[in-house]
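Q: how does the following fold in three dimensions:
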Amino acid sequence: MSDTPIPTHWYNIAADLPVPPPPHLHPGTGEPVTPADLDALFASELIAQEAATEPYIAIPEPIREVYRTWRPAPLIRAREFEKALGTPARIYVKYEGVSPVGSHKTNTAVAQAYYNAQDGVTKITTETGAGQWGSALSFACAKFGIDLEVWQVRASYDSKPYRRFLMETYGGTVHPSPSPLTASGRKILDEFPDTPGSLGIAVSEAVEVAASEPATRYALGSVLNHVVLHQTVIGLEAVEQLRAAGEENADVVFGCAGGGSNLAGLAFPFIREVLHGRAKTRVMAVEPAACPSITKGEYRYDHGDVAGLTPLMKMHTLGQDFVPDPIHAGGLRYHGMAPLLSHTVELGYVTGQAVDQTDSFAAGVQFARAEGIVPAPESSHAIAACAEYAKNLTEPEVLVIGLSGHGMLDLPAYHSYLEGNLASTAE
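A: Okay, the predicted model is just below:
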């Protein structure tokens with residue numbers, strides 16, 4: 001593990017940015033949302049964190065106590081991967097696959113379950129793509145005695161049954177999305193009965209149920225400010241671990257980007273160092289070529305769901321009704337990018353890069369054979385981008401990869417790649 005202590009506070013980058021992030025807008029009035037507008041969906045402390053202006057927010061001890069199960073997560077020097085690439089770079093991997101469910105999602109799941117329990121909430125609804133978020137929230141709800149109902153994107157529900165089994169083992173109830181259980185789900189099924197689904201559709205279903213049940217609240221696994229906030233434990237640890245390893249700063253940070261919470265959680269503490277003049281670190285947001293919201297989307301206000309039930313958020317978006325191809329990196333199949341991360345892209349602190357899924361699997365296999373860790377298909381996008389960059393270096397640089405989770409429940413996808421049955425998503 002590491003001697004680095006578990007952070008006592010989360011880092012809120014909004015307090016340090018030279019230009020304030022644009023506010024979320026009410027979908028009906030177009031005015032900035034107020035706390036009262038969000039009461040039906042989120043726990044009170046999460047609403048406060050969504051609009052927080054202070055740079056650091058204390059992590060309650062009950063949350064840190066659960067974090068101690070796997071935090072601090074290791075920062076690993078990938079020496080064998082360096083050799084395989086023939087690069088002069090020193091590559092470090094921040095590995096979140098040590099969490100109970102094998103991904104970074106537990107960092108915010110535990111916080112959201114705790115704050116809902118503090119408000120007396122007895123049931124939470126949510127969506128999930130690949131199942132990492134649903135698994136994490138199922139784990140967290142079991143910790144705090146809350147019932148959970150999950151709508152899982154149909155493509156992943158069918159192709160990743162083991163994640164559904166994991167959610168059910170922790171006590172969650174899982175439905176394929178779109179489902180006949182909600183008005184928004186029935187509408188989609190009537191129009192597109194064979195749809196593979198999308199996170200935007202699943203969000204609509206979960207929000208619809210939460211809004212209709214007074215004792216139920218909703219939890220989102222990415223995108224929102226409070227989710228990004230909770231994930232900064234990743235980067236806060238990584239900054240200190242890198243220094244403990246004898247490196248002053250990172251030259252480039254690579255992370256996969258779907259909704260944006262994993263990358264933002266890793267990158268924002270590194271960007272903090274840039275904002276305060278202590279580093280010149282560059283950040284690469286690596287997204288799937290099949291769902292390139294940063295590299296090919298528009299930066300504008302859009303809904304986070306298909307039905308338009310969520311607030312309007314200014315973000316990089318492919319459009320709320322965009323349904324991406326059913327790629328194996330299900331956690332990256334989202335039409336929009338976290339508003340705070342999108343804002344840092346616009347300010348020049350983060351750069352987008354799109355990677356084809358066959359290239360990402362090739363890099364994932366190479367990394368697994370070098371380091372012994374099978375990365376999640378999502379994380380393999382960041383590994384692929386880092387590998388391409390590192391191979392072209394002629395001078396040493398310090399590179400950090402966000403390995404957001406392991407791929408042990410994604411082995412059928414790796415099998416498809418190794419058998420030559422995985423389709424390219426390149427245009």
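Q: which residues sit against stretch 344-351?
A: The contact list for stretch 344-351, computed with CB atoms under 8 Å, 6 or more residues apart in numbering, reads 13, 17-19, 263-264, 267-268, 271, 274, 282-285, 294, 299, 316, 337, 341, 352. (Glycine included, C-beta is placed from N, CA and C.)
Q: how about the contacts made by Glu395?
A: Contacts were defined as CB under 8 Å, 6+ apart; by that measure Glu395 touches Pro88.
Q: how much space is there between it and Thr281?
A: Remark: distance between Glu395 and Thr281 (CB to CB, to the nearest Å) = 16 Å.
Q: shaky segments in the chain?
A: In the predicted model, the chain carries pLDDT under 70 at residues 1-3, 324-331, 333, 425-427.
Q: now do the biggest helix by length in the chain: which elements does it pack against?
A: Taking DSSP state H as the criterion, the chain has its longest helix at helix 225-244. Identification of packing neighbours for helix 225-244 by 3 or more CB pairs under 8 Å, 6 or more residues apart in numbering; DSSP states H and E yields strand 9-11, helix 44-50, strand 75-77, strand 90-95, helix 106-118, helix 261-275, helix 339-346, strand 398-403.
Q: give me the distance from the helix or strand just after that helix to the chain's centre.
A: Heading C-terminal from helix 225-244, the first helix or strand you meet, by DSSP states H and E, is strand 252-256. Strand 252-256 has its average C-alpha position 13 Å from the chain's average C-alpha position, going by CA atoms, centre = their mean, to the nearest Å.
Q: which residues sit against strand 252-256?
A: The set of residues external to strand 252-256 that reach it, using CB under 8 Å, 6+ apart, is 262-263, 266-267, 270, 281-287, 329, 332, 378-383, 385-386, 389, 397, 399-402, 404.
Q: partners of that strand, with directions?
A: If you go by DSSP bridges, strand 252-256 pairs up with strand 282-288 (parallel), strand 398-403 (parallel).
Q: just the strands in the stretch 51-200 of the chain please.
A: Shown for the stretch 51-200 of the chain, the strands assigned by DSSP state E, counting those that start in this stretch span residues 56-58, 75-77, 90-95, 123-128, 147-153, 173-177.
Q: JSON lines please, covering these and showing mean neighbour count and distance to Ser212.
A: Compiled in JSON lines, the strands of the stretch 51-200 of the chain are given as follows (neighbours: other CB atoms under 10 Å; distance: least, CB to CB, whole Å):
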{"stretch": "strand 56-58", "mean neighbour count": "15", "distance to Ser212": "31"}
{"stretch": "strand 75-77", "mean neighbour count": "18", "distance to Ser212": "44"}
{"stretch": "strand 90-95", "mean neighbour count": "24", "distance to Ser212": "40"}
{"stretch": "strand 123-128", "mean neighbour count": "27", "distance to Ser212": "10"}
{"stretch": "strand 147-153", "mean neighbour count": "26", "distance to Ser212": "12"}
{"stretch": "strand 173-177", "mean neighbour count": "22", "distance to Ser212": "15"}
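Q: tell me which of those sits nearest to Thr310.
A: Relative to Thr310, the nearest member of the strands of the stretch 51-200 of the chain by CB to CB is strand 123-128, separated by 11.2 Å.
Q: picking that back up, so which of the strands paired with strand 252-256 gets nearest Gly97?
A: Across the strands paired with strand 252-256, Gly97 has its closest neighbour in strand 398-403 (6.5 Å, CB to CB).
Q: check which helices and strands the following helix or strand past the closest one sits against.
A: Next along the chain after strand 398-403, taking DSSP H and E as the criterion, comes helix 411-418. Using 3+ CB pairs under 8 Å, 6+ apart as the contact criterion, the secondary-structure elements in contact with helix 411-418 are helix 357-371.
Q: quick one: Ser342 and Pro180, what's the gap?
A: In this structure, Ser342 lies at 34 Å from Pro180, with CB to CB as the measure.
Q: got the contact list for Ala14?
A: The contact partners of Ala14, by CB under 8 Å, 6+ apart, come to 20-21, 52-53, 225, 340.
Q: wait, isn't Ile401 in contact with Lys94?
A: Yes: taking contacts as CB atoms under 8 Å, Ile401 lies within contact range of Lys94: 7.1 Å.
Q: check the gap between Pro178 and Gly258 for me.
A: Distance from Pro178 to Gly258, counting by CB to CB: 20 Å.
Q: chain neighbours aside, what residue packs nearest to Thr53?
A: The spatial neighbour of Thr53 that comes closest, neighbours along the chain excluded (CB to CB, 6 or more residues apart in numbering), is Ala15 at 5.8 Å.
Q: show me the contacts for the one you found.
A: Contacts of Ala15 by CB under 8 Å, 6+ apart are 52-55.
Q: same thing but 10 Å
A: Listed by CB atoms under 10 Å, 6 or more residues apart in numbering, the contact partners of Ala15 are 52-57, 272, 275.
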